[in-house]
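**Q** Compute the structure for the input listed below.
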Amino acid sequence: MLGRRVYRQARERESVSDGTIRREIGTLRAALAWAKHERWIETVPNIESPPKPPPRERWLTREEFERLLAGCAQPHVRLFVLLAYHTAARAGAILDLTWDRVDFERRRIDYRRPGRRRTNKRRVTVPLNTVVLAALQEARPHALTDHVIEQHGRPVASIKKGFAAACARAGIEDCSPHVLRHTAATHMVMARVPLAEIARLLGDSEAMVERTYGKHSPDYLRGAVDALAGDLSPRLVSETLSEK
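**A** Next up, the predicted model:
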């Protein structure tokens, strides 16, 4: 009954996004492969998935980020935003962070959870700059749980609702918590931070960082196009200035 396009077409009729359909079909394919391995079924049917959507280009300007901070009415949302931007960590890693992995003396955070199986979304140890260090030092005496991000004495399972409210107050559209990671990476590239350092901070490969964020560098492909001008470039500039 599970034809090639049956699942995709059914979900499209329910107005589900292509990204969600792709994720669901990935889970379905894994389940079918397991069923074949266990000999529940003889073959795995070909399940068609929508094409991969283009990567999101959304990132915040520094002015938008300041507005977002100002729109954080709740302390736990503000602390989350500061951590997400100043450590470039994923939302899951931040919400999972406990105080025993915040090293105030060495000024660093270890986002790796003990006993957690390593996945493609690697978690790393991140140094703390003065901004986020001060925010953590302020929050620590008021902590009621082991988790850094908490509300009313309980760990926060999802930041989406509070984050969306902060965005609404700041007048910022099309922004999710993950956009802060893109924003941090983009701002670092714009500031000419070496791609190798950015890659280590993100827990990604240098090739991926260059492919995703390299275009934001002030020097992006500058050497390549200048090489095409060769010796003509200085002479043309000189002639243009003399004409003025």
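**Q** contacting residues around Gln137?
**A** Contacts for Gln137 (Cβ atoms under 8 Å, 6 or more residues apart in numbering) come out as Phe104. No exception for glycine: its C-beta is placed from N, CA and C like everyone else's.
**Q** Same question for the helix or strand containing it: list its buried residues.
**A** Taking DSSP states H and E as the criterion, Gln137 maps to helix 130-139. For helix 130-139, burial by neighbour count (16 or more other Cβ atoms under 10 Å) applies to 132-133, 135-136, 139.
**Q** can you give me the strands for this structure?
**A** 102-103, 108-110, 125-127, 150-151, 154-155 (DSSP state E).
**Q** From Arg113, how far out is the spatially most central residue of the chain?
**A** Nearest residue to the geometric centre of the chain (Cα atoms, centre = their mean): Arg181, 3.5 Å. Note on Arg181: its distance to Arg113, by Cβ to Cβ, to the nearest Å, is 18 Å.
**Q** helices and strands around the longest helix along the chain, which ones?
**A** When the chain is parsed with DSSP state H, its longest helix is helix 18-37. The contact analysis (3 or more Cβ pairs under 8 Å, 6 or more residues apart in numbering; DSSP states H and E) places helix 18-37 against helix 6-13.
**Q** Please name every helix or strand in contact with the helix it packs on.
**A** Using 3+ Cβ pairs under 8 Å, 6+ apart: helix 6-13 touches helix 18-37.
**Q** what residues does the helix it packs on touch?
**A** By Cβ under 8 Å, 6+ apart, the residues outside helix 18-37 that reach it are 7-8, 11-12, 41-45, 47, 49-53.
**Q** any idea which of those residues is closest to Val124?
**A** Lys52 (26.0 Å; Cβ to Cβ).
**Q** For the closest one, which non-adjacent residue is spatially closest?
**A** Arg22 (6.9 Å; Cβ to Cβ, 6 or more residues apart in numbering).
**Q** what's the neighbour count on that neighbour?
**A** 15 (other Cβ atoms under 10 Å).
**Q** And Glu64, by the same measure?
**A** 17.
**Q** what residues are up against the closest residue to it other than its chain neighbours?
**A** Leaving aside its sequence neighbours, Glu64 sits nearest to Ile172 (Cβ to Cβ, 6+ apart; 5.7 Å). By Cβ under 8 Å, 6+ apart, the contact list for Ile172 reads 60, 64, 67-68, 71.
**Q** now with 10 Å?
**A** 60, 64-65, 67-68, 71, 164, 166, 179 (Cβ atoms under 10 Å, 6 or more residues apart in numbering).
**Q** Equivalent analysis for Ile94, please.
**A** 79-84, 87, 109, 111, 147-149, 156, 159, 177, 180.
**Q** buried set for the longest helix of the chain?
**A** 21, 24-25, 32.
**Q** can you check stretch 57-68 too?
**A** Buried-residue list, stretch 57-68, by 16+ other Cβ under 10 Å: 59-60, 64-65, 67-68.
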